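Chemist: Quick one: sequence and predicted model below, then my questions.
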Amino acid sequence: MPSRDGPAVVEVHDLVKRYPRADTNAVDGLSFTVTPGEIFGLFGPNGAGKSTTVGILTTRLRATGGRVTVGGVDVGRDPAAARAQLAVVPQHNNLDRALTPRQNLVYHATYHGVRRREAQARAAELLERFGLTERADRRIEAYSGGMAQRLMIARALTHEPTVLFLDEPTNALDPQTRLLIWGQLRELRARGVAIVLTTHAMNEAARVVDRVGIVDHGRLLTLDTPTNLVRGLAGDALLDLTVTPAGGDDPDAICAALGELTGVRKAERLATPTGPAGWRPGGGGAGLAGVGAGGAGMLAALAAGAGGGRPGAGRLAALAGAGLLGRGGGAAGNGGRGRLRIRLHLAGEAATLLGPAVTALAARSAAINAVDIGEPSLEDVFIELTGRQPR
Ligand SMILES: Nc1ncnc2c1ncn2[C@@H]1O[C@H](COP(=O)(O)OP(=O)(O)OP(=O)(O)O)[C@@H](O)[C@H]1O
């Protein structure tokens with residue numbers, strides 16, 4: 001396993017890009033490094049500046065300011081030498097349809113100066129690695145989206161780059177192909193290749209990437225390992241409560257009351273569910289296990305587990321018996337109108353907060369319609385940093 005403490009193979013220092021006639025910088029003072037054998041995720045909302053950054057790193061665009069080196073080569077000063085160090089896998093298929101898959105690989109390798117015999121050997125090996133040997137000499141038109149993506153990654157590796165850039169590497173691919181691609185990227189990492197990828201499928205990528213940089217408005221908002229980012233920003237656990245407030249009660253006051261409970265790092269209001277009975281909107285992307293509050297027994301059991309048999313359980317059961325736990329289809333009897341959805345970011349386990357949260361809501365005569373417990377994800381961190389407004 002190569003050392004990640006070694007010298008950086010990608011160095012981005014105070015990078016700036018302003019497009020002609022633009023009022024603001026698309027990239028605005030970005031700095032980060034990537035080391036050999038590291039998978040680095042560059043994440044950000046639409047228009048954040050990811051493609052522009054990668055465009056400069058891969059010599060497609062010229063920077064307005066700052067300095068970038070790839071494999072020790074300054075990309076602005078010697079783009080041709082930089083291109084020998086890197087490879088790009090674009091999001092859209094740009095394979096040469098006039099050539100067979102094998103010819104695509106051989107052509108790419110020889111273009112980068114690999115001798116023909118060696119190029120053919122590398123092509124054969126890569127076709128095998130990506131499960132394409134049997135279809136290596138057919139027409140590219142017959143390739144599925146997944147096969148084309150595998151071939152594009154294989155093609156990128158023919159000249160043995162030091163750094164591999166991938167744009168949305170698993171977008172619109174079936175689970176089998178995604179698994180194969182993530183597996184291959186792990187293997188490349190083990191061989192010391194540095195990988196920089198951009199994707200919006202960040203929860204999937206979080207399982208593979210070593211570090212993540214989140215950018216917005218051309219600036220780096222944070223940079224750390226996925227684990228540190230999730231722990232640091234989103235909390236240890238999430239507790240989502242869907243409640244129907246008592247008539248006249250103020251939703252913000254309910255949210256604030258829950259936010260004051262010990263162990264709650266933050267309480268926020270989420271979009272209110274408007275779907276049909278039983279429908280539960282997804283959260284920020286957290287893996288939330290839902291408990292319809294109509295299943296009061298389950299809630300009671302959860303609280304029992306939570307408090308290790310302490311008071312919460314009894315209180316929950318009593319609440320359920322008293323009808324304070326609303327039914328999934330509508331405590332309000334109105335298909336969801338008037339409901340409030342509150343997310344609690346917790347320090348510690350969600351189950352321990354269940355009893356106190358229910359008690360706080362009962363004190364305000366609010367009915368609970370659903371409880372969801374989950375772990376925060378990288379997508380929650382992303383939403384936390386970049387907001388919920390679509391761009
Ligand atoms: N060729 C261009 N000319 C002018 N402005 C551009 C150009 N390309 C991108 N921009 C602007 O630069 C900013 C950053 O865009 P960029 O495409 O780098 O973002 P992104 O993070 O890659 O977004 P997405 O996830 O949608 O691909 C945006 O405001 C965009 O409108």
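Modeler: That came through fine.

Chemist: Could you find the closest non-adjacent residue to Ala8?
Modeler: Thr33 (3.7 Å; CB to CB, 6 or more residues apart in numbering). Bear in mind the C-beta positions are built from the backbone N, C-alpha and C, glycine included.

Chemist: Need the CA coordinates for the helix or strand encompassing that neighbour. PDB is fine.
Modeler: Taking DSSP states H and E as the criterion, Thr33 maps to strand 27-34. Output in PDB follows, covering the C-alpha atoms of strand 27-34 (Å, rounded to 0.1, in the frame of the first residue of the first chain):
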ATOM      1  CA  VAL A  27     -13.300  29.300  -9.000                       C
ATOM      2  CA  ASP A  28     -12.300  31.700  -6.200                       C
ATOM      3  CA  GLY A  29      -9.100  30.900  -4.400                       C
ATOM      4  CA  LEU A  30      -9.200  27.100  -4.200                       C
ATOM      5  CA  SER A  31      -6.400  25.100  -2.600                       C
ATOM      6  CA  PHE A  32      -6.000  21.400  -1.900                       C
ATOM      7  CA  THR A  33      -3.600  18.500  -2.500                       C
ATOM      8  CA  VAL A  34      -4.100  14.900  -3.500                       C
END
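
Chemist: Next up, identify which helix or strand Leu127 is on.
Modeler: Assigned by DSSP H and E, Leu127 belongs to helix 116-129.

Chemist: For the helix or strand following that helix, buried residues please.
Modeler: Following helix 116-129 in sequence order, the next helix or strand is helix 145-157 (DSSP H and E). Within helix 145-157, the residues that count as buried by 16 or more other CB atoms under 10 Å are Gly146, Met147, Ala148, Gln149, Arg150, Leu151, Met152, Ile153, Ala154, Arg155, Ala156, Leu157.

Chemist: right, and the helix or strand after helix 145-157?
Modeler: Using DSSP H and E, the helix or strand that follows helix 145-157 in sequence is strand 163-167.

Chemist: Which residues are in contact with the nearest residue to Asp74 once chain neighbours are set aside?
Modeler: Distances taken as CB to CB, 6+ apart place Arg67 nearest to Asp74, at 6.7 Å, with adjacent residues excluded. For Arg67, the contacting residues are Glu11, Val12, His13, Asp14, Leu15, Asp74, Gly76, by CB atoms under 8 Å, 6 or more residues apart in numbering.

Chemist: again with Asp210
Modeler: Arg4, Glu38, Ile39, Phe40, Arg189, Thr225 are the contacts of Asp210 under CB under 8 Å, 6+ apart.

Chemist: Beta-bridge partners for the residue nearest to Asp74, please?
Modeler: Under the criterion DSSP bridges, Arg67 forms beta bridges with His13.

Chemist: Report the spatially nearest residue to His159, omitting neighbours in sequence.
Modeler: Closest residue to His159 apart from its sequence neighbours, by CB to CB, 6+ apart: His112 at 3.6 Å.

Chemist: in terms of contact, does the one you found touch Ala156 like I think?
Modeler: No - judged on CB atoms under 8 Å, His112 makes no contact with Ala156 at a distance of 10.5 Å.

Chemist: on that earlier part again, CA atoms of the helix or strand following the strand holding Thr33 as CSV?
Modeler: Using DSSP H and E, the helix or strand that follows strand 27-34 in sequence is strand 39-43. Provided in CSV are the C-alpha atoms of strand 39-43 (Å, rounded to 0.1, in the frame of the first residue of the first chain):
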residue,chain,number,x,y,z
ILE,A,39,-9.3,8.8,-3.7
PHE,A,40,-10.3,12.5,-3.5
GLY,A,41,-14.0,13.5,-3.9
LEU,A,42,-14.7,17.0,-5.1
PHE,A,43,-18.4,17.6,-4.3
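
Chemist: Point out the other helices and strands that strand 39-43 packs with.
Modeler: With contacts defined as 3 or more CB pairs under 8 Å, 6 or more residues apart in numbering; DSSP states H and E, strand 39-43 has these neighbours: helix 50-57, helix 175-190, strand 194-198, helix 202-206, strand 211-216.

Chemist: So what's the model's average confidence on the fourth one?
Modeler: Helix 202-206 shows a mean pLDDT of 90 in the predicted model.

Chemist: is the ligand contacted by it?
Modeler: No - Helix 202-206 does not reach the ligand (CB under 6 Å from any ligand atom); its nearest approach is 11.9 Å.

Chemist: And that helix, what's buried?
Modeler: Neighbour-count burial for helix 202-206, with 16+ other CB under 10 Å as criterion, is recorded at Met202, Asn203, Ala205, Ala206.
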